[in-house]
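Participant: starting from these lines, generate the structure:
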Amino acid sequence: MTDLSKVPVTIVTGFLGAGKTTLISHLIRNAGGRRLAVVVNEFGTLGVDGEILQSCAIPDCPAENIVELANGCICCTVADDFIPTVEKLLALDPRPDHILIETSGLALPKPLLKAFDWPAIRSRITVDGVLALADAEAVAAGRFAPDLAALKAQRAADPGIDHETPLSEVFEDQLACADMVLLTKCDLAGDEGIATARAVIAAEAPRPVPVIELVEGAVDPRVILGLGAAAEDDLAARPSHHDGEDDHEHDDFDSTVIALGEIADPADLTRRIETLAREHRILRVKGYAAVTGKPMRLLVQAVGGRVRHHFDRPWRPGEPRRTALVAIAEHDAIDHGVLRAVLEG
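Facilitator: This is a model prediction of the structure:
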C-alpha cells in the first residue's frame, strides 16, 4: 500500500447481539499481517465491547488502534466524533492497512456511508464493504415483528399499509446496505432454522447478496476483507426507510446502566435477566459482574431470553469489584427502578 492509496474500511453492522464483537475479535487474531485499527460504537454509557477488543490487542492491532465511541449513534455524531476519530487513526505511524468499524446494533448504516463523502476524508479512505451480521436463530424465530403471520395477512389484504416495528426497520436497513450477510450462531439455529433465516434474508434484501454461515465469528478474513465495494459511491443501490430525511432519531430505543454489588450465583442472575426479557421487553443486556469468592470477572451477554456468561479476566489490583449491566429496550420499556428491582431480587 502506498501513501497515496485509500485505506479500506469495513463496516460491521447487525442487530443487537448478532456477534459483531466476536467477529472482530477473530479478525484481530487472524489479521494475516495486516495492520488493523478498530472503531467501536456503543449504545449506552458502559463500554463493554471496546474493552473486550482491547484485550485481543496484538502487535498488528495494538490497544491504541482500538477506539471506542460511547453513548451516541456513530451516524448521528459524524462531525463531532466520527471524522476526528478517523483522522486520528489515519495519522498513526505506521498507518493502518485496514480499519474496522463496529456500529451499534441500533445504528442505520446508510447515514454512516454518507459520511465517507466528507471532504476531510473522502480522498483518504474507502468503504471496502458493509457486512451485516444476522443471528440465524433470532431471524428464524421472527423477532423483528410482533406477529409475522398477522403482518403477512394484513399486507395481503391491503398492500398499502405498513405495520413494521422499529426493530424490523433497523434490520431491513442493515440488510439493504450490505455487501455480504454473515449468518451467525448457526450452531444454535439448526438446519431448519438456518434455512428459514436464509429465506427471510432473501425476501427482505433489495438485491441478491452472498450469505455466509458462521459459528463463533470464525471466517477466513480473505472472504470478507478486500471486497473493493467502494460502497460510498453506490448509495443509490442501498435503499433505506429513512431516505430523504436529513436525520434519523433513536427515540424508539433507550438504555440504562444498572450498577450492583457482588452477586452470589451466576445462575440466579441468568434467571433474572431472562425475566427482564420475558416480562419487561428488554432486548439486550450486556456488562460484567463480580461473583462472591471468585477472582475473575464474569462477562455477561444476553439477547432476549438467551443469556451467555463466562469469566473473561482477573479483577485488576485496585479495580472496584462491582456488577454493571447495560439494558437496552424500546423507549417505553425502560424503567430503571423496575429493572434494578428485578436484578436485585
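
Participant: can we go C-alpha only for contacts and neighbour counts from here?
Facilitator: Fine.

Participant: can you list the domain ranges for this protein.
Facilitator: 7-237, 253-344 (automatic domain parsing).

Participant: okay, strands next: where are they in the chain?
Facilitator: Taking DSSP state E as the criterion, the chain carries its strands at 7-14, 36-41, 66-69, 98-102, 125-135, 180-184, 211-213, 253-260, 282-290, 296-303, 306-314, 323-330.

Participant: from the rest of the structure, what touches the fourth one?
Facilitator: Residues outside strand 98-102 that contact it (CA atoms under 8 Å, 6 or more residues apart in numbering): 7-13, 20-21, 24, 34-41.

Participant: PyMOL command to pick out the buried ones of those?
Facilitator: Typed into PyMOL, the line below selects the buried ones among these, using 16 or more other CA atoms under 10 Å:
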select buried, resi 7+8+9+10+11+12+13+20+21+24+35+36+37+38+39+40+41
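
Participant: separation between residue 344 and residue 118?
Facilitator: Separation of residue 344 from residue 118 (CA to CA, to the nearest Å): 47 Å.

Participant: what of residue 332?
Facilitator: Taking CA to CA, one finds residue 332 at 35 Å from residue 118.

Participant: over to residue 179?
Facilitator: Using CA to CA, which is the criterion applied here, residue 179 is 22 Å from residue 118.

Participant: with neighbour numbers in mind, choose between these two.
Facilitator: Between residue 179 and residue 118, residue 179 has the larger neighbour count (other CA atoms under 10 Å), namely 22 against 12.

Participant: is it correct that the more buried one is in contact with residue 129?
Facilitator: Yes - with contact defined as CA atoms under 8 Å, residue 179 counts as touching residue 129 (5.9 Å).

Participant: please, where are all the helices along the stretch 1-150 of the chain?
Facilitator: 20-29, 49-54, 83-90, 109-115, 119-122, 136-140, 148-157 (DSSP state H, counting those that start in this stretch).

Participant: buried ones in the fourth one?
Facilitator: Read that as helix 109-115. Neighbour-count burial for helix 109-115 [16+ other CA under 10 Å]: 109, 110, 111, 112, 113, 115.

Participant: so, low pLDDT: which residues of the stretch 51-200 of the chain?
Facilitator: Low-confidence segments of the stretch 51-200 of the chain (pLDDT under 70): 51-81, 144-166.

Participant: and if we set it to 80?
Facilitator: 51-83, 104-108, 117-120, 142-168 (pLDDT under 80).

Participant: so how far is residue 33 from the nearest residue to residue 113 once chain neighbours are set aside?
Facilitator: Using CA to CA, 6 or more residues apart in numbering and skipping residues adjacent in sequence, the residue nearest residue 113 is residue 232, 5.6 Å away. The gap separating residue 232 from residue 33 is 26 Å, by CA to CA.

Participant: residue 227 now?
Facilitator: 17 Å.

Participant: between those two, point out the one with more neighbours.
Facilitator: Neighbour count, other CA under 10 Å: between residue 227 and residue 33, residue 227 has more, with 17 against 10.

Participant: can you pull the pLDDT of that one?
Facilitator: Note for residue 227: predicted pLDDT of 86.

Participant: ok, now the one 5 residues further on?
Facilitator: Looking at residue 232, its pLDDT is 87.

Participant: any idea how far it is from residue 125?
Facilitator: 10 Å.

Participant: now residue 237
Facilitator: Where residue 125 is concerned, residue 237 sits at a distance of 20 Å (CA to CA).

Participant: give me the more crowded residue out of these two.
Facilitator: Neighbours per residue (other CA under 10 Å) separate residue 237 from residue 125, with residue 125 holding more: 21 against 12.

Participant: check the offset of stretch 335-345 from the chain's centre.
Facilitator: From the chain centre to the centre of stretch 335-345 is a distance of 25 Å (CA atoms, centre = their mean, to the nearest Å).

Participant: tabulate the CA atom coordinates of that stretch in CSV.
Facilitator: Extracted in CSV, the C-alpha atoms of stretch 335-345 (Å, rounded to 0.1, in the frame of the first residue of the first chain):
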residue,chain,number,x,y,z
ASP,A,335,-37.9,1.8,33.9
HIS,A,336,-34.6,1.9,35.8
GLY,A,337,-36.2,1.3,39.2
VAL,A,338,-38.2,-1.8,38.0
LEU,A,339,-35.2,-3.3,36.2
ARG,A,340,-33.0,-2.8,39.2
ALA,A,341,-35.6,-4.4,41.5
VAL,A,342,-35.8,-7.5,39.2
LEU,A,343,-32.0,-7.9,39.2
GLU,A,344,-31.6,-7.3,42.9
GLY,A,345,-34.4,-9.7,43.8
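
Participant: please work out the average pLDDT along that stretch.
Facilitator: pLDDT averaged over stretch 335-345 gives 90.

Participant: kindly list the longest helix within the protein.
Facilitator: Using DSSP state H, we find that the single longest helix of the chain is helix 186-204.

Participant: buried residues, that one. List them.
Facilitator: Of the residues in helix 186-204, 186, 189, 193, 194, 196, 197, 198, 201, 202, 204 count as buried by neighbour count, 16+ other CA under 10 Å.

Participant: could you do stretch 24-31 as well?
Facilitator: Those would be 24, 25, 26, 27, 28, 31, for stretch 24-31 by 16+ other CA under 10 Å.

Participant: wait, residue 239 touches residue 176, no?
Facilitator: Yes - using CA under 8 Å, residue 239 is in contact with residue 176, at 6.0 Å.

Participant: which of the two has more neighbours?
Facilitator: Counted by other CA under 10 Å, residue 239 and residue 176 do not tie: residue 176 has more neighbours, with 25 against 17.
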